[in-house]
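A.B. asks: What shape does this take:
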Amino acid sequence: MPKKKITIKQIAELSGTAPSTVSRVLSGKECKIPVPKATRDKILSICNELDYHPSIHASRFFAKKSKVIGFVACHDNFKRTEDLSKLLFSLCRCLFAKGYRCLPLYYDSTFVESHEYINIFKRNEIDGLFIWGARPEHSFHKELFAEEFPFVFLTNKIDEYPAVYTEQFQPVYRLTKACIDNGAKRICGIGSQHGFSFSQRHAGFAEALKTAPNVKSKHIELETEDFVEELTSRLSEITEFKPDAVVCANDLMAITVERHLQSLGLRIPEDVMICGGDNFTLSNYSNVSITTFDSMSEEIAEKAADMMVEHLTNKAPLTTIKIQPQIIWRDSLKAITK
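C.D. replies: Below is the predicted model:
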């Protein structure tokens, strides 16, 4: 049975002092009003008896706040990060309006797994952290949670940790259903095995196909993270299947497919309907504008900034917020109005 965690409040009660006094002692820093030696010794003795080790967040609780929130991206491939730039810009804007600054940290998984971020927290350089692109196999967030350091996942969800993310299942379900309702009989889905978002999008695609058992389908799962390059090498699989609709996990895949099919003389959407996801700028300026759904980066940033600042200023809990995306109907796939 796991040992119950001791808190600063409990140490204060046992020592007959205030939590702020315990925090000052454990911080090891000189204060304007020094703690008497007898009181300090008593607090340290109780901590030793209970084998108490202060968390990073607890030792910083009464320290001066930096008014800076860190941002780390757990990703090594940034060839397709328009959504990241939108999100980061929106976060900086929202935090600035609330009197905080956003500090982008080193952008790769090597930094994340190096534990250097722990030193940044200990030096009081940031008060909290936003994490983009994390995956269940990463372990650093477990250390953050154990240290009671405030963090929020952005755009994806891992277990029950705090997160602000976009619903991924429903938009792909609706887009696939639109293909079916528009008369598609052979639907090809293109996705990736990497990450929470892609798994949810594939689930939406698969669920929609269950409503149309007579529709033939093929799913191409891209194995590498440089999916545009891999998709380009596997376009013949789409051609051989001869689809009349292609549901892509994001817009870069959709644009790649559109260009390929048009090079074969096929018309979009008359011969093949296409849809994507994330509402990248290019999707509205491709040869035929791509029907897609918005990743809602600005709303994610606003909700995340609000939640983090409320937590830091008013001790409001960090929770999970799921945002409903907006489908953008364009020329490559028309909405069915009933």
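
A.B. asks: Show me where this structure has its helices.
C.D. replies: Applying DSSP state H to the chain gives helices spanning 8-15, 19-27, 37-49, 56-60, 82-97, 109-114, 116-122, 140-146, 169-181, 196-209, 227-233, 235-241, 251-263, 297-314.

A.B. asks: Please name whichever of the ones you listed is nearest to V288.
C.D. replies: Closest of the helices of the chain to V288 is helix 251-263, at 6.4 Å (criterion: Cβ to Cβ). No exception for glycine: its C-beta is placed from N, CA and C like everyone else's.

A.B. asks: what is the mean pLDDT for that closest one?
C.D. replies: On average, the pLDDT along helix 251-263 is 96.

A.B. asks: list the buried ones in that helix?
C.D. replies: D251, L252, M253, A254, I255, T256, V257, E258, H260, L261, Q262 (16 or more other Cβ atoms under 10 Å).

A.B. asks: Go ahead and name everything in contact with that helix.
C.D. replies: 80, 190, 227-228, 231-232, 235, 238-239, 246, 248, 268, 271-272, 274-280, 282-283, 286-288, 290, 292, 332 (Cβ atoms under 8 Å, 6 or more residues apart in numbering).

A.B. asks: what's the burial count for I327?
C.D. replies: Look at I327: counted by other Cβ atoms under 10 Å, it has 20 neighbours.

A.B. asks: how close does the spatially closest residue to it that is not a sequence neighbour get to Q324?
C.D. replies: Among residues not flanking I327 along the chain, F293 sits closest, at 4.7 Å (Cβ to Cβ, 6 or more residues apart in numbering). According to Cβ to Cβ, to the nearest Å, F293 and Q324 sit 10 Å apart.

A.B. asks: Show me which of the two is the more surrounded one.
C.D. replies: Comparing F293 with Q324 by other Cβ under 10 Å, the one with more neighbours is F293, at 27 against 11.

A.B. asks: G277 is in contact with the more buried one, correct?
C.D. replies: Yes. Using Cβ atoms under 8 Å, F293 makes contact with G277 at a distance of 5.5 Å.

A.B. asks: Between those two, which contacts overlap?
C.D. replies: Common contacts of F293 and G277 (Cβ under 8 Å, 6+ apart): P171, V172.

A.B. asks: Apart from its chain neighbours, what residue comes closest to P19?
C.D. replies: Nearest non-adjacent residue to P19, counting by Cβ to Cβ, 6+ apart: A12, 4.5 Å away.

A.B. asks: which ones are touching the one you found?
C.D. replies: By Cβ under 8 Å, 6+ apart, A12 lies in contact with A18, P19, T21, V22.

A.B. asks: can you check T39 too?
C.D. replies: Contact partners of T39, counting by Cβ under 8 Å, 6+ apart, are S15, T17, T21, V25.

A.B. asks: re the thing from before, looking at the contacts of A12, spot the one nearest Y173.
C.D. replies: Y173 lies nearest to P19 out of those, by Cβ to Cβ, at 49.4 Å.

A.B. asks: So that closest one versus V25, what's the distance?
C.D. replies: Applying Cβ to Cβ to P19 and V25 gives a distance of 11 Å.

A.B. asks: Let's see the pLDDT reported for K303.
C.D. replies: On pLDDT, K303 comes in at 97.

A.B. asks: what's the burial count for it?
C.D. replies: Counted with other Cβ under 10 Å, residues neighbouring K303 total 19.

A.B. asks: how near is it to L312?
C.D. replies: 15 Å.

A.B. asks: now do L44
C.D. replies: Taking Cβ to Cβ, one finds L44 at 28 Å from L312.

A.B. asks: Then N284?
C.D. replies: In terms of Cβ to Cβ, N284 sits 38 Å off from L312.

A.B. asks: So which of the two has more stuff around it?
C.D. replies: More crowded of N284 and L312, by other Cβ under 10 Å: L312, with 18 against 14.

A.B. asks: can you pull the contacts of that one?
C.D. replies: So L312 contacts K65, D127, G128, P150 (Cβ under 8 Å, 6+ apart).

A.B. asks: Identify the farthest-apart pair in the residues you listed.
C.D. replies: Among those, the pair separated by the greatest distance (Cβ to Cβ) is K65 and P150, at 11.3 Å.

A.B. asks: Overlap of the contact sets of those two?
C.D. replies: Residues touching both K65 and P150 (Cβ under 8 Å, 6+ apart): D127, L312.

A.B. asks: Look at these two and report which has more neighbours.
C.D. replies: Neighbours of K65 and P150, each counted by other Cβ under 10 Å, are more numerous for P150; the result is 19 against 14.

A.B. asks: Please name the nearest non-neighbouring residue to the more buried one.
C.D. replies: For P150, the spatially nearest residue (Cβ to Cβ, 6+ apart) is G128, at 3.9 Å.

A.B. asks: swap in G99?
C.D. replies: Leaving aside its sequence neighbours, G99 sits nearest to K67 (Cβ to Cβ, 6+ apart; 6.3 Å).
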